[in-house]
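**Q** fold the stuff below for me.
(one chain, ligands or ions: 2)
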Amino acid sequence: MEKKDKIKILILDDEKQFTEELNGFFVDSDFESFEANTVAEGKKILTNKAIDLLILDVRLPGVNGLDILKEVKSQYPFMEVIIISAHGDMETVIKAMRLGAFDYLRKPFRFIDIQIAIERTQKYLQLQQKLKQMEEKNSLISRTLEEKIDRQFIGISPQIQEVFEQAITAANYPDSNVLITGESGTGKENIARIIHYSSERKDHIFCAVNSSAITKTLLESEFFGHKKGSFTGAINDKMGFFEVCNQGTLFLDEIADMPFNLQAKILRATEEKVITRVGDTNQIHTDFRIISATNHDINKRVEKKKFRLDLFHRLNTLHIHIPALKERREDIKPLLLHFVDAYATKFNKPNLHISKEAFDALQKYDFPGNVRELKNMVERAIILSKGNILEINDFPVKPHNISSLKEHPDSINLKMLEIKTIRQALQSCKYNQQEAANALGIHRDALSRKMKKHNITVGRSEA
Ligand SMILES: Nc1ncnc2c1ncn2[C@@H]1O[C@H](COP(=O)(O)OP(=O)(O)OP(=O)(O)O)[C@@H](O)[C@H]1O
Ligand SMILES: [Mg+2]
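**A** Ligands and ions are numbered 1, 2, ... in the order given. So this is what the prediction gives:
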């Protein structure tokens, strides 16, 4: 149904006199009507005109009207049908309503009866149209919001401007692999998304994979897919990441942690753009681009023979390094303003400002967790703030503890404290690592890394 168009009605009845009469009744009305006296005529009109409402006689000679009803409802699900039945044929009426007819009329009927029935249908059609428009609008809004949230890029420092330019160059070469390095929370995934969504691959999938978060035994099948029955638990054929990312981008997060035995296979897939599912022999072509990221010194891993040099070269066609936030302090202010604005809107606290004192202290703070830390800090401060001004006390930085913690003489105690805090968080979140990471205000991957580093395991009895 087009906007503002007249509702289009088709009258399908074998009695010519009846269809003519009814058609005449619709002249000069809000409806545009068509008539058909055979099923063939009716179908022709249905294909050529966008009919909104069908008035259908279910007693057509030689055909079962209910079959026609079933057929048109499945072919034109948005068209409504009013059926005309014989007096006393309640059984047909009930069947027709079950098949999706909107209303029924029994012959003989007065024109006023049909008018009322049509007006009721019209209201319903209009409501449906409104709903459809709202749904479209909604999905448009959420899409715009999503794109905004995922790909905000804030920063004025020459270093970050250069990163942005490199990202745009990478977007223009959609088949070259990109390696993004930088400390945790500097925005590596953010840049990877910007590259993908600015490239010609943007209408296809962006799939972010962190191999250290996947059970080792399943890694190969997650990447390459598997054939049903190829191992216990493979109950269906399954596509792997390489296949899913056909024409899109595969983002390999924390690439340095990729198990050595899988690296050769990943290299081959990346070079040949051909994969074979586990337990299968068929070769499948797939056209993906790899953007990988790491916050480790991957050169050292190569030196220690933990990372294959050939794979490193393959992934490193374009290299983008994102400097730590403390190396580009000019970006702190715009980032702060941006996140204050975003969270003030989100939590419905308009007119929020940061005090000068807080600003000055934050400008000097080292942000070991980089942009992510700054973002989480602002979110927490805004949630807890009472008035209109965010004060220094609303942020977990004090002027005297702004210097780096690296040289702390009691690093052992700090380590113990970290272990204790992580254990407590895990315990209170019933060993749900995502929840524990949220409670600690860190990324889930960071939690996994810390757990690995401190040998914190979640045993069966605990989990
Ligand atoms: N320049 C920026 N502008 C706006 N938001 C940013 C910027 N850089 C990072 N962010 C935001 O900071 C958060 C952390 O960024 P991201 O997840 O991309 O970091 P990362 O380098 O992948 O971290 P990790 O190494 O821990 O995985 C995200 O919410 C991201 O949207
Ligand atoms: Mg990341």
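**Q** would you mark the buried spots in stretch 419-431?
**A** For stretch 419-431, a neighbour-count test (16 or more other C-beta atoms under 10 Å) marks 419, 422, 425-426, 429 as buried. Heads up, the C-betas are built off the backbone N, CA and C, glycines and all.
**Q** tell me the residues of the protein that contact ligand 1?
**A** 152-155, 182, 184-190, 253, 295, 371-372, 375, 443, 445-446 (C-beta under 6 Å from any ligand atom).
**Q** residues in contact with stretch 35-51?
**A** Stretch 35-51 has contacts (C-beta atoms under 8 Å, 6 or more residues apart in numbering) with 1-2, 8-16, 19-20, 22-23, 34, 54, 60, 63, 68, 72, 75-76, 79.
**Q** just the ones of those residues in strands?
**A** 8-12, 34, 54 (DSSP state E).
**Q** tell me where the stretch 51-200 of the chain has strands.
**A** 53-57, 80-85, 103-106, 178-181 (DSSP state E, counting those that start in this stretch).
**Q** got a markdown table for those, with mean pLDDT and mean neighbour count too?
**A** Below are the strands of the stretch 51-200 of the chain laid out as a markdown table (pLDDT from 0 to 100; neighbours: other C-beta atoms under 10 Å):
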| stretch | mean pLDDT | mean neighbour count |
| --- | --- | --- |
| strand 53-57 | 93 | 25 |
| strand 80-85 | 90 | 24 |
| strand 103-106 | 88 | 18 |
| strand 178-181 | 97 | 25 |
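**Q** reformat the ones you listed as CSV; add distance to Ile320.
**A** Below are the strands of the stretch 51-200 of the chain laid out as CSV (distance: least, C-beta to C-beta, whole Å):
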stretch, distance to Ile320
strand 53-57, 59
strand 80-85, 56
strand 103-106, 63
strand 178-181, 5
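**Q** out of the ones you listed, which comes closest to Met239?
**A** strand 178-181 (23.6 Å; C-beta to C-beta).
**Q** listing partners with orientation, what would you give for the closest one?
**A** strand 289-294 (parallel), strand 318-321 (parallel) (DSSP bridges).
**Q** for Lys349, find the nearest of the strands of the stretch 51-200 of the chain.
**A** Shortest distance between Lys349 and those, using C-beta to C-beta, is found for strand 178-181: 34.2 Å.
**Q** what's the domain layout of the protein?
**A** Structural domains annotated on the chain: 7-130, 155-323, 326-401, 411-453, as defined by automatic domain parsing.
**Q** narrow the contacts of stretch 35-51 to those that are buried.
**A** 1, 8-14, 19, 22, 34, 54, 60, 68, 72, 76, 79.
**Q** for ligand 1, give me its nearest residue in the stretch 101-250 of the chain.
**A** Closest residue of the stretch 101-250 of the chain to ligand 1, C-beta to the nearest ligand atom: Gly187 (2.6 Å).
**Q** neighbours of that residue, how many?
**A** Residues within reach of Gly187, counting by other C-beta atoms under 10 Å, total 23.
**Q** circling back to that earlier point, now tabulate the domains of the chain in TSV and tack on distance to Glu136.
**A** Listed next are these as TSV, based on distance: least, C-beta to C-beta, whole Å:
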stretch	distance to Glu136
domain 7-130	11
domain 155-323	18
domain 326-401	24
domain 411-453	33
